[in-house]
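[1] next comes the sequence, and after it the predicted model I'd like to discuss.
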Amino acid sequence: MLRCLLTASIIAFAAPALAEVRLLMLDQAACEWCARWDAEVGTVYARTAEGKQAPLLRVSIHGPLPEGVVLARTARFTPTFVLLDDGVEIDRIEGYPGEDFFYGLLQRMLERLLPSDSQT
């Protein structure tokens, strides 16, 4: 039994880590547009296909970024939504354009993560 556990542990640590995709939301207190996003999208986001593909990571725009997060440039507006792949910025949405536009823009960002058919 101990040998099986050791072997499984070695395999788990030796296997390459899967890319972690997250949607970073930079917000601040008293942000009217953050509150609107919360009301229109925030309550259901985790249950959507997009929310399952890119779970939300919410951080204050005034606080430190989580360890390992690399942004292409400093965020200046709230909310700012940054699509991260292994902590590295892929794309962003600055501001909240409303529910329909938000999901459309996010879907286009998520498509950038898919391998191109021309490379296969």
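    Arrived safely, thanks for sending. Numbers count the residues shown, from 1 in each chain.
[2] use CA for all of it now, contacts and neighbours both
    Fine.
[3] in the protein, which spans are helices?
    2-14, 32-37, 49-53, 99-111 (DSSP state H).
[4] next one: the shortest one to chain centre, how far?
    Offset of helix 49-53 from its chain centre (Cα atoms, centre = their mean, to the nearest Å): 9 Å.
[5] lowest average confidence across the helices of the chain, which one?
    For the helices of the chain, the bottom mean pLDDT is recorded on helix 2-14, which sits at a mean of 36.
[6] Trp33 and Glu94 touch, don't they?
    No. If you go by Cα atoms under 8 Å, Trp33 and Glu94 don't touch, sitting 10.9 Å apart.
[7] what's the overlap in contacts for these two?
    Common neighbours of Trp33 and Glu94 (criterion: Cα atoms under 8 Å, 6 or more residues apart in numbering): Thr78, Pro79.
[8] the closest residue to Lys52 other than its chain neighbours and Val82, how far apart?
    Among residues not flanking Lys52 along the chain, Ala46 sits closest, at 6.1 Å (Cα to Cα, 6 or more residues apart in numbering). Going from Ala46 to Val82 by Cα to Cα, to the nearest Å gives 16 Å.
[9] right, I'll call it a day here.
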